[in-house]
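Novice: Give me the fold of what follows.
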Amino acid sequence: MQNLLDRIKYRAIMTAGGNAIGIVRFPDASRRSEYALIANYFMPKNPLLQQFGFLEGSKSFYMSGEEFSANGVRAAAWLLYQLTGKSQGTFTASGLSNPVKYFALSSGCVQCDFEGLALVTKRFKLSEGVEGTLVDFGGICHFVLDKKFKFYDEPNYYRALHEEVMGELNLGHKPAFGVIWQRQLSKGIGIDPVVRVSKTNSCCYETACGSGTLAILEASGLMKLLVSQPSGKFISVFKNCGTYSLISEVQEIVTAESRTWGWR
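Specialist: Predicted coordinates:
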């Protein structure tokens, strides 16, 4: 295993101008059992990385924790565009039952469409007066707090509340679970997402969250929203005839690790 780790190079992709995702390319899915180990090896070495995923050939993208990551999916779509030159296409992704459709737009943004996304929503009033809406994607769950709850940028505070909500809802078995704070802006909604991934045993305040953005839209009951991320960038989200779509810029961080990448 160490020999493999020594030879792997990854690329770091920033989706929505903030959330950094490390991606390794393998020719197929034969090493899935090792994905969590690979992620746990590389993520502590680069403090920018908040997630880690794997592009399997050109038809599948799989997160290290087997979760659904909407930011990871857009990063994978951008890489596929770079590799194939095709500005649109489809691929499968972890945590989703249907393929993702992607479009590389002339503006430098990437749009991903999710058809048949089976979201289950339910309102909860928890202990200590905590209220919000649970949005379950299957491959990830988010608890969207009502707007009256203020976010404090203090790890002991937000991790404790995340742990409390996850425990009270009994959702520690999920591949990933997030708590999303929201605030009304003059133009759209601002979010503060804290997400835990079970397999990699990580819990962090994310600089951007695509699935959290989808959860905000679903909890709001609206058809479209412009959602400001902690990075200061925006993700556009909308739904039409049962299809959910996300649009944002996608950028690459050029590092020594990212100049050569993948497994040959």
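Novice: If the nearest residue to residue 166 once chain neighbours are set aside is in a bridge, with which residues?
Specialist: The shortest distance from residue 166 to any residue other than its chain neighbours is 5.2 Å, reached at residue 177 (CB to CB, 6 or more residues apart in numbering). The C-beta positions use only the backbone N, C-alpha and C, and glycine is treated the same way. Note on residue 177: beta-bridge partners by DSSP bridges are residue 141, residue 196.
Novice: Might you report the residue contacts of residue 177?
Specialist: Taking CB atoms under 8 Å, 6 or more residues apart in numbering as the definition of contact, the neighbours of residue 177 are 140-143, 162, 166, 171, 195-196, 198.
Novice: now swap in residue 132 and tell me
Specialist: Counting by CB under 8 Å, 6+ apart, residue 132 makes contact with 123-124, 143-146, 149, 219.
Novice: biggest separation within the residues you listed, which pair?
Specialist: Of all pairs drawn from the contacts of residue 132, the widest gap by CB to CB lies between 123 and 149 and measures 14.3 Å.
Novice: hey, which strand is longest across this structure?
Specialist: Ranked by residue count under DSSP state E, the longest strand found in the chain is strand 243-253.
Novice: For it, which helices and strands make contact with it?
Specialist: Packing partners of strand 243-253 (3 or more CB pairs under 8 Å, 6 or more residues apart in numbering; DSSP states H and E): strand 11-15, helix 70-84, strand 109-115, helix 210-220, strand 234-240.
Novice: Turn these into CSV, columns for mean neighbour count, distance to residue 188 and mean pLDDT.
Specialist: Conversion of the helices and strands packed on strand 243-253 to CSV gives the following (neighbours: other CB atoms under 10 Å; distance: least, CB to CB, whole Å; pLDDT from 0 to 100):
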stretch, mean neighbour count, distance to residue 188, mean pLDDT
strand 11-15, 25, 18, 89
helix 70-84, 24, 17, 94
strand 109-115, 20, 16, 96
helix 210-220, 25, 10, 96
strand 234-240, 20, 7, 96
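Novice: Tabulate those (CSV), appending distance to residue 101.
Specialist: Shown next, in CSV, are these (distance: least, CB to CB, whole Å):
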stretch, distance to residue 101
strand 11-15, 17
helix 70-84, 9
strand 109-115, 4
helix 210-220, 15
strand 234-240, 13
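Novice: Between these, which one is closest to residue 203.
Specialist: The closest approach between residue 203 and any of those, judged by CB to CB, belongs to helix 210-220 at 14.1 Å.
Novice: and the closest one with strand 234-240, angle?
Specialist: Helix 210-220 and strand 234-240 meet at an angle of 50 degrees, taking axes from the mean of the first three to the mean of the last three CA atoms, to 10 degrees as the criterion.
Novice: Just the C-alpha atoms of helix 210-220, please, in CSV.
Specialist: Listed in CSV are the C-alpha atoms of helix 210-220, where the atom choice follows Å, rounded to 0.1, in the frame of the first residue of the first chain:
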residue,chain,number,x,y,z
GLY,A,210,-22.9,22.1,-3.1
SER,A,211,-25.2,19.5,-1.5
GLY,A,212,-25.8,22.0,1.3
THR,A,213,-26.9,24.5,-1.3
LEU,A,214,-29.3,22.0,-2.7
ALA,A,215,-30.7,21.3,0.8
ILE,A,216,-31.2,25.1,1.3
LEU,A,217,-33.3,25.2,-1.9
GLU,A,218,-35.4,22.2,-0.8
ALA,A,219,-35.9,23.5,2.7
SER,A,220,-37.0,27.0,1.4
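Novice: where along this structure do the helices fall?
Specialist: Counting by DSSP state H, residue ranges of the helices within the chain are 2-7, 35-42, 70-84, 155-169, 210-220, 256-259.
Novice: looking only at pLDDT, what's the mean for the fourth one?
Specialist: When pLDDT is averaged along helix 155-169, the result is 96.
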